[in-house]
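Colleague: Provide a 3D model corresponding to the input given below.
(one chain, ligands or ions: 1)
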Amino acid sequence: MREEELELALKVVIVGNGGVGKSSMIQRYCKGIFTKDYKKTIGVDFLERQIEIDGEDVRLMLWDTAGQEEFDAITKAYYRGAQACVLTFSTVDRDSFEATHSWKLKVENECGEIPTVIVQNKIDLLDQSVVNPEEAELLARALGCRLIRTSVKEDINVATVFRHLASRCLEELRDSVNDYYYSSTNNHNTITLSTFSQSVKKPVKETIVLKPNKHKRRKNVLKSACRLL
Ligand SMILES: Nc1nc2c(ncn2[C@@H]2O[C@H](COP(=O)(O)OP(=O)(O)OP(=O)(O)O)[C@@H](O)[C@H]2O)c(=O)[nH]1
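Modeller: Residues are numbered from 1 along each chain as shown. Prediction:
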């Protein structure tokens, strides 16, 4: 495979009780549309969107899973291999809020700990809210996730959810690439990263601090990393 064919693809699963707006969120983000009709997802569905984060092209593969428990056996098979997760509840559905922790556990059972956000959807219906803001913050803190409030209907914060997750995944990937460089350079070796300012050439045993080039874009660090690995 040529270097320019390499791309970063992230599998993201969207989970939460039925009717909280998972399918609508994915449709909004990938197709720019919103429909009032409720069509229950049977099993799983899938859409994708390409975005750019810090100069990296990232393909987001968004897996829409059914919220009804009867589909649990099917949907959990699709959690496997996910790199990020959206836990969704609805502002006007108390049960969906209370189920958030159990959704997190279901995903964790298949994927371990992965970057996760909690989404409180339907904030356009705040006047009918059955979850107070402090409770939602507390839950997010307890589960160690960022809370993002969205309205898929009004297109509020939907893109933020996916950009945040993609950034988190990229950070983790960069950290592991950097760890690899550091651990694979023994004593007198040097490393060269051409995508960073003036190439980084340092004797090992020092901490290697990678600074983005101020003049060149820090483009394709992961592709370059793959080439070096
Ligand atoms: N007011 C309002 N309604 C929304 C919003 N997002 C989704 N809905 C509506 O909520 C209903 C359920 O949305 P879906 O996206 O089908 O819900 P889901 O979570 O995919 O449901 P399942 O497929 O059963 O798991 C639909 O009628 C949507 O139009 C929102 O932000 N505000």
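Colleague: who in this protein is up against the ligand?
Modeller: Taking Cβ under 6 Å from any ligand atom as the criterion, the chain approaches the ligand at residues 18-24, 35-41, 66-67, 121-122, 124-125, 151-153. Yep, even glycine has a C-beta here, placed from its N, CA and C like the rest.
Colleague: all strands for the chain, in order.
Modeller: Along the chain, counting by DSSP state E, strands occupy 8-16, 44-53, 56-65, 84-90, 116-121, 146-149.
Colleague: helices or strands next to the first one in the packing?
Modeller: Applying 3 or more Cβ pairs under 8 Å, 6 or more residues apart in numbering; DSSP states H and E, we find strand 8-16 packed against helix 22-31, strand 56-65, helix 72-79, strand 84-90, helix 100-111, helix 158-184.
Colleague: okay if I get the ones you listed as TSV plus mean pLDDT and distance to Leu139?
Modeller: Listed next are these as TSV, based on pLDDT from 0 to 100; distance: least, Cβ to Cβ, whole Å:
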stretch	mean pLDDT	distance to Leu139
helix 22-31	96	18
strand 56-65	93	20
helix 72-79	84	21
strand 84-90	98	9
helix 100-111	95	6
helix 158-184	84	16
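Colleague: center of the protein - which residue?
Modeller: Centroid-nearest residue in the chain, with Cα atoms, centre = their mean: Leu165, separated by 2.8 Å.
Colleague: hang on, isn't that one packed against Val119?
Modeller: No. Contact criterion Cβ atoms under 8 Å: Leu165 and Val119 do not qualify, at 10.5 Å.
Colleague: hey, what's the residue nearest to the residue nearest to the centre of the chain when sequence neighbours are not counted bridged with?
Modeller: Leaving aside its chain neighbours, Leu165 sits nearest to Ala84 (4.2 Å; criterion: Cβ to Cβ, 6 or more residues apart in numbering). For Ala84, the beta-bridge partners under DSSP bridges are Val12.
Colleague: and the gap between Ala84 and the ligand?
Modeller: Ala84 is 18 Å from the ligand, where distance means Cβ to the nearest ligand atom, to the nearest Å.
Colleague: quick one: that residue and Glu113 touch, right?
Modeller: No. Counting by Cβ under 8 Å, Ala84 stays clear of Glu113, with 11.0 Å between them.
Colleague: who has more neighbours out of these two?
Modeller: Remark: of Ala84 and Glu113, Ala84 carries more neighbours, 25 against 10, as counted by other Cβ atoms under 10 Å.
Colleague: residue contacts, that one?
Modeller: By Cβ atoms under 8 Å, 6 or more residues apart in numbering, the contact list for Ala84 reads Leu10, Lys11, Val12, Val13, Ile114, Pro115, Thr116, Leu165, Ala166, Arg168, Cys169.
Colleague: same thing but 7 Å
Modeller: Residues in contact with Ala84, defined by Cβ atoms under 7 Å, 6 or more residues apart in numbering, are Leu10, Val12, Ile114, Pro115, Thr116, Leu165, Arg168, Cys169.
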